[in-house]
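Colleague: Build me a structure from this.
(one chain, ligands or ions: 1)
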Amino acid sequence: MTQQLNFATALLAWYDTHQRVLPWRTASPDPYKVWLSETMLQQTTVATVKGYFEKFTTRWKTVKDLADAPLDDVLHAWQGLGYYARARNLHKTAKMVAEQYGGVFPDTEEELRKLAGIGAYTAAAIASIAFNQRAVVVDSNVERIIARVFAVEKPVSQAKKQIWALTDSITPQQRAGDFAQSMMDLGSLICTARAPKCLMCPVNSLCAAFGQHAVEQYPVKPVKQPRPTRYGAVLWVENEKQEVWIRKRPPTGLLGGLMEIPSTDWLATPVESNAALGLLPSSVMTEILNKPVTHTFTHFHLVLTIVKATVAGVPPLESGEWLAVEALPQKAWSTLMKKVLGVGGCRRASAH
Ligand code: SF4
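Modeller: Okay, the predicted model is just below:
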């Protein structure tokens with residue numbers, strides 16, 4: 001127990017003089033801004049999030065402002081941050097808070113978890129940072145620190161419960177929000193994934209990995225699984241007015257709700273380019289571009305063949321709309337689709 005108290009005391013003392021200055025950190029944290037920043041920071045770096053955070057909070061000053069905004073505006077403002085389910089959940093939660101909670105965020109982990117897109121980590125982070133409640137906040141930075149401090153002998157993915165319990169054991173009753181943020185700063189500034197600065201670390205005397213001269217062995221590395229490749233084809237269809245046929249992806253799933261150039265399903269084996277043609281009447285002339293578009297998602301690589309076609313007048317596919325090439329950048333596109341816009345023969349149309 002003494003060691004655990006020492007850990008929090010040493011870390012908080014370091015935090016008091018070394019904490020990062022971040023736009024969402026203020027003397028009286030605003031739950032809306034804490035929630036917004038935590039949502040943006042999932043899978044995105046602080047450096048990238050800063051600009052988006054300023055943009056969102058300038059445009060939508062309160063959770064109610066965000067709730068009143070059209071979803072398309074939110075998706076458009078989110079462009080470039082990726083993982084668009086976050087943006088859809090952001091909007092959904094803003095509406096829930098505005099309509100069900102009178103515009104005031106709930107202050108317990110349990111209630112926060114009822115909101116869209118708020119899992120265990122985000123609920124704990126908001127409860128501790130915005131409401132100073134004691135909560136066990138565990139993200140990937142914390143997992144790495146704990147794996148080292150306690151020399152956890154399993155890969156992080158197999159030691160989630162153990163790491164949560166160990167984090168619980170060092171989380172103090174007082175200054176819960178500061179403690180959570182001090183762990184984030186330690187992970188970002190000192191106990192980094194590569195080349196941790198152990199000699200400058202405020203808790204090195206309490207760190208098992210450091211004490212054993214074995215820091216590089218922690219966290220224990222899992223056996224690597226190869227990232228698979230999937231294949232598909234997109235149809236770049238233009239009419240005589242230089243308009244392109246676009247459509248909206250289904251609201252759920254990968255890139256849900258964003259616009260796309262129509263695509264086949266993405267399969268484990270290379271797609272016969274002709275498969276894309278099945279989406280079009282056989283009378284339509286097509287051209288298959290030599291240069292495919294490649295993109296890497298978290299769990300797979302994607303190779304997309306581009307099939308170009310020109311049709312007269314009649315909409316060629318069941319759903320979608322014509323849009324002038326020049327107007328394409330005004331829509332919300334994923335990074336993948338921006339690549340398609342570039343290679344699809346229309347660099348003039350690529351979003352900026
Ligand atoms: S001593 Fe090194 S490994 Fe241990 S917590 Fe500090 S920076 Fe991380």
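
Colleague: and the stretch 201-350 of the chain, which residues reach the ligand?
Modeller: Neighbours of the ligand within the stretch 201-350 of the chain, by CB under 6 Å from any ligand atom: 201, 203-204, 207, 209-210, 215. All C-beta spots, glycine's among them, are computed from the backbone N, C-alpha and C.

Colleague: Just the buried ones from those residues, in ChimeraX syntax?
Modeller: Buried members of those, identified by 16 or more other CB atoms under 10 Å, are gathered into one ChimeraX selection as follows:
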select :201,203,204,207,209,210,215
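
Colleague: from the residues of the stretch 201-350 of the chain next to the ligand, which single one is nearest residue 64?
Modeller: For those, the residue nearest residue 64 by CB to CB is residue 203; the value is 41.3 Å.

Colleague: who touches the closest one in this structure?
Modeller: 7, 10-11, 149, 186 (CB atoms under 8 Å, 6 or more residues apart in numbering).

Colleague: ok, back up a step: hmm, which two among the residues of the stretch 201-350 of the chain next to the ligand are most spread apart?
Modeller: The two members of these with the most space between them (CB to CB) are 203 and 215, at 12.6 Å.

Colleague: Restrict the contacts of residue 203 to those that also contact the ligand, please.
Modeller: Restricting those to those within reach of the ligand (CB under 6 Å from any ligand atom) leaves residue 149.

Colleague: Closest to the ligand out of the contacts of residue 203?
Modeller: residue 149 (5.2 Å; CB to the nearest ligand atom).

Colleague: Quick check: closest non-adjacent residue to the closest one.
Modeller: Nearest residue to residue 149 in three dimensions, chain neighbours excluded: residue 207, at 4.8 Å (CB to CB, 6 or more residues apart in numbering).

Colleague: Next one: the residue nearest the centre of the chain, what pLDDT does it get?
Modeller: With distances taken as CA atoms, centre = their mean, the residue of the chain nearest its centroid is residue 43 (4.1 Å). You'll see residue 43 listed with a pLDDT of 83.

Colleague: Now it: phi and psi?
Modeller: Summarising the backbone geometry of residue 43 under the convention degrees, to the nearest 10, its torsions are phi 60, psi 20.

Colleague: Relative to the ligand, how far out is it?
Modeller: To the ligand, residue 43 is 22 Å away according to CB to the nearest ligand atom, to the nearest Å.

Colleague: just checking, that residue touches residue 85?
Modeller: No: under the criterion of CB atoms under 8 Å, residue 43 is not in contact with residue 85, lying 10.8 Å apart.

Colleague: And stretch 82-96, what's buried?
Modeller: Within stretch 82-96, the residues that qualify as buried are 82-91, 93-96, counting by 16+ other CB under 10 Å.

Colleague: Which residues are in contact with the residue nearest to residue 149?
Modeller: Under the criterion of CB under 8 Å, 6+ apart, the contact partners of residue 207 comprise 148-149, 198, 201, 215.

Colleague: Let's have the residues of the stretch 201-350 of the chain next to the ligand in JSON lines, adding secondary structure and pLDDT.
Modeller: As requested, these are arranged in JSON lines below (DSSP: H, G, I helix; E, B strand; the rest coil; pLDDT from 0 to 100):
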{"residue": "201", "secondary structure": "coil", "pLDDT": "98"}
{"residue": "203", "secondary structure": "coil", "pLDDT": "97"}
{"residue": "204", "secondary structure": "helix", "pLDDT": "97"}
{"residue": "207", "secondary structure": "coil", "pLDDT": "97"}
{"residue": "209", "secondary structure": "helix", "pLDDT": "97"}
{"residue": "210", "secondary structure": "helix", "pLDDT": "97"}
{"residue": "215", "secondary structure": "helix", "pLDDT": "97"}
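
Colleague: quick check, nearest of the residues of the stretch 201-350 of the chain next to the ligand to residue 16?
Modeller: Using CB to CB, residue 203 comes nearest to residue 16 of these, at 14.4 Å.

Colleague: Look up how far residue 160 lies from that closest one.
Modeller: Counting by CB to CB, to the nearest Å, the gap from residue 203 to residue 160 is 22 Å.
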